[in-house]
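Visitor: the following block contains a protein sequence and its predicted model.
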Amino acid sequence: MATKVIMPKQGLLMTEGYITKWLISEGEKVEENQPLFEMETDKLSITIESPASGTLLKIIRGEDETVPITEIIAVIGQEGEDFSHLLTADSPAETKIDEVKAEAECAVVESNSISNEKTDRVFITPRAKMIAADKNIDYSDIIGSGPEGLIIEKDILSCEKGLVQNRNKVTPVAEKMIKENNLNANEVVGTGISGRVIKQDVLNIIKNEQSNLNNTDTQEKIVPFKGMRKVISDRMMESLHNMAQANHRMKVDMTEAVKLRKNIKESGINISYNDILIKIVSKALLEFPYMNSSLTGEGILLKDYVNMGLAVSVSNGLIVPNVKNAHKKSLEEIAAESRELIQKALNGSLSQEDYSGGTFTLSNLGMYDIDEFTAIINPPESGILAVGKVENTPVVENDTIVIKPIMTLSLTYDHRIIDGALAAQFLQRIKQLLMHPYLLL
Amino acid sequence: MSRKAYAIAIKDVLAEEMRRDDRIFIMGEDIAEQGGIFGCTRGLLEEFGESRVRNTPISEAGFMGAGVGAALAGMKPVVELMYMDFSLVAADQILNQAAKIRYMYGGKATLPLVIRGQQGIGRGNAATHSQSTEAIFMHIPGLKVAMPSTPADAAGLLRTALRDNNPIMFFEHKLLYSVKGEVPDDPDFVIPFGKANIVKEGNDVTIIATSQYVGKALTVANKLESEGICAEVIDPRTLVPFDTETVVNSVKKTGRAIVVHEAHKNAGPGAEIASLIMEEAFKYLDAPVLRLGAKACPLPFNLGLENAVVPQEEDIEKAVKSVLYK
């Protein structure tokens, strides 16, 4: 019995997902819970596991496609199994069936086929599509005889009689290479069985291109502006448009914090400066409720709890999971939890819960040797603390120059609701707690 | 059946219906002694007298208003426009009064008014005497729009018009007046409005044509038979009401449609018909619906240039082949 793979709902507000990569090719075997495809929502990137074991019979919605939730995207079953009922069974109305089938077939074409014509997209007249659906003909391989490869009624009827020329097929490996190397699929001439494009064909093109490289000076390419990139862009613009963001900076002597971290690590517990900062900033936020607030239509929303966001850089962007109720947690708990969140972020396995409901954000670029920087507030929060590296620095103490581990804190705050003096006092408090971490006790 | 010219078929029906119903009278420029410039009322003065066959001054707005008033008062006027282009002089009476009166009186008033006349190219009558204006009247609700393409259709549709209680725009074509055809002798021969005529059956493409283009479409369709292309030719006969069912069923069968008329292509009747097809038969279409009509240019005085502006038989042939991807 074949199993449908549907676009899963990954959060309350998710309506559609963007398939970034199929990890299993059509025709390959797959085990239940084996990673099947990668996708992005407006909030996260995530790897989805296979719901069943078997052969991936058909990929209905290909890479780079945006698919509404619960819509069928692939079918898993036994090799050679007829799964056409899966594409139709749920649809009560006949017209609906046609649509689903037609869409499904069309989608396959978009991802898999290589057209001899100008475009990769398959164009088919409504009539041809209707007849193909009636006769259950997969037209994805047909080269249309209309203008620019348009598939018309005649082509479907010829196809039924087996009289039609097929589009060139391409092996999964070759297809992947074509994509990775950003080649124009139409230019790859297939030398495999019945003109199938095989790995060697693509290699030849790549080789030629490389030998031509000396002649071609520069290149430009367009990267699709969507998925997580688009969300980050929208949120950053929204943040800067809607808030009066101001910035304070303060240098902090980290001698005691360094000592604390070293002592704890020696006791076998692995903590980072970030963990110490989460603990300290959470405490300070409770003392400065405006720093832990949101400006809403009804007024300034003050929160008596801290969900501390951690800006995590991931391969395709940035995501901010948060440590829930950080103000109630021990340093050890914070360390464990933040490590888990960062790991999940890097795997793309964060749940919506993990990145929702943050009240303040910490962004640390110390590991990239950044001295200090200005962060942009993650709305609807009202502040973000940007943390630079800890560096041994000569400082004047009691009229002598001594070397101290110094770190610069940079606080961006929403000046609409937080005055400069308040923000300064908040930073002072963080500085005090970092210099005297035993105050946390 | 009698074989007669289109103009004679019109005159005969007018006479027959005037004998049948003494509320019918005719008004227009030069229609009495002269019998109209194309002879559609020739001899009627002698039979029915000056009170029922009335010459008017050159004042279309005035005598159209008189027609509307007479129809409201219980008469059944036939207003002849020497050129249908002149309907624009009487536009307020037609579009704002005649079209709306039945609606505005809650259906209590009747308005049995037939506005008829010829239009189109063919005589080098130039820009203000050669237009095809039916699309203007299709656009305003409250008017029926008829376009007979043969003597029999002219007879059957005109009789229906004369027995109707609504304002009717009856578009004849100057080039059709001399065309002869068989017309039933039955004094009650009527062709209902809203019933298209399948002039020729075919499976490959539907050509919807009006007025003089019905004949041209048929010529092309017959020629293409020898090339193995079997076109269906449909004459809607009335544009309002329109026989959507016949056209849509034909397109469902053929999957391809062309609309051809003499009126301007831009916002012409073909735009309306093509849209109907798209709305009702989208998934049956194997090609875009094509429209052929006059270019967006006033009709020239020069006879050669007239033909350069309106669709030719070769254009129809080319369009058929194009939707068949040949």
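Guide: Noted; the coordinates are in hand. Numbering: from 1, shown residues only, chains lettered A, B, ... in the order given.
Visitor: how about the residues of chain B by chain A?
Guide: Within chain B, the positions lying close to chain A (CB under 8 Å from any CB of the partner chain) are B:255, B:282-287, B:325. In short, each C-beta sits where N, CA and C put it, glycine included.
Visitor: redo that, cut-off 6 Å
Guide: By CB under 6 Å from any CB of the partner chain, the part of chain B that sits against chain A consists of B:255, B:282-286, B:325.
Visitor: buried subset of those as a PyMOL selection?
Guide: Applying 16 or more other CB atoms under 10 Å in any protein chain shown to the residues of chain B next to chain A, the buried members can be selected in PyMOL as follows:
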select buried, chain B and resi 255+283+284+285+286+325
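Visitor: format the residues of chain B next to chain A as a markdown table; extra columns: distance to B:V247 and secondary structure.
Guide: Listed next are the residues of chain B next to chain A as a markdown table, based on distance: CB to CB, whole Å; DSSP: H, G, I helix; E, B strand; the rest coil:
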| residue | distance to B:V247 | secondary structure |
| --- | --- | --- |
| B:G255 | 13 | coil |
| B:F282 | 14 | helix |
| B:K283 | 16 | helix |
| B:Y284 | 12 | helix |
| B:L285 | 13 | coil |
| B:D286 | 16 | coil |
| B:Y325 | 22 | coil |
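Visitor: redo the residues of chain B next to chain A as TSV? Include pLDDT.
Guide: Shown next, in TSV, are the residues of chain B next to chain A (pLDDT from 0 to 100):
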residue	pLDDT
B:G255	96
B:F282	94
B:K283	92
B:Y284	94
B:L285	95
B:D286	95
B:Y325	91
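Visitor: could you pull out the helices for the stretch 51-200 of chain A?
Guide: A:84-88, A:94-112, A:126-134, A:153-160, A:172-180, A:199-212 (DSSP state H, counting those that start in this stretch).
Visitor: of those helices, which shows the lowest average pLDDT?
Guide: When the helices of the stretch 51-200 of chain A are ranked by mean pLDDT, helix A:94-112 comes last with a mean of 41.
Visitor: excluding its backbone neighbours, what's nearest the closest residue to chain A within the stretch 101-250 of chain B?
Guide: Residue nearest to chain A within the stretch 101-250 of chain B (CB to the nearest CB): B:D204, separated by 10.5 Å. Nearest non-adjacent residue to B:D204, counting by CB to CB, 6 or more residues apart in numbering or on different chains: B:C230, 4.9 Å away.
Visitor: what pLDDT does that neighbour get?
Guide: The model's pLDDT for B:C230 equals 97.
Visitor: isn't it up against B:E201?
Guide: No - using CB atoms under 6 Å, B:C230 makes no contact with B:E201, being 8.2 Å away.
Visitor: ok, back up a step: can you give me the neighbour number for the residue of the stretch 101-250 of chain B closest to chain A?
Guide: Per other CB atoms under 10 Å in any protein chain shown, the neighbour tally for B:D204 reads 18.
Visitor: show me what contacts it?
Guide: B:229-230, B:254 (CB atoms under 6 Å, 6 or more residues apart in numbering or on different chains).
Visitor: buried ones from these, can you make that a ChimeraX selection?
Guide: Those of the contacts of B:D204 that count as buried under 16+ other CB under 10 Å are selected in ChimeraX with:
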select /B:229,254
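Visitor: from the contacts of B:D204, which land in helices?
Guide: In helices, defined here by DSSP state H, the members of those are B:T254.
Visitor: export the contacts of B:D204 to TSV and tack on distance to B:L303?
Guide: Listed next are the contacts of B:D204 as TSV, based on distance: CB to CB, whole Å:
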residue	distance to B:L303
B:I229	31
B:C230	34
B:T254	35
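Visitor: list just the nearest of the contacts of B:D204 to A:K324.
Guide: B:T254 (65.8 Å; CB to CB).
Visitor: I'd guessed the closest one sits against B:T206; true?
Guide: Yes - between B:T254 and B:T206 there is a contact under CB under 6 Å: 4.8 Å.
Visitor: show me what from the stretch 151-300 of chain A comes close to chain B.
Guide: So the stretch 151-300 of chain A meets chain B at A:152-153 (CB under 6 Å from any CB).
Visitor: for the stretch 151-300 of chain A, what are the low-confidence residue spans?
Guide: Applying pLDDT under 70 to the stretch 151-300 of chain A flags the ranges A:162-169, A:171-172, A:185-187, A:190-196, A:212-217.
Visitor: which elements pack onto the longest strand anywhere in chain A?
Guide: Identified as the longest strand of chain A according to DSSP state E is strand A:400-414. Judged by 3 or more CB pairs under 6 Å, 6 or more residues apart in numbering or on different chains; DSSP states H and E, strand A:400-414 is in contact with strand A:245-253, helix A:255-266, strand A:383-387, strand A:391-397, helix A:420-435.
Visitor: kind regards, and thank you for your time.
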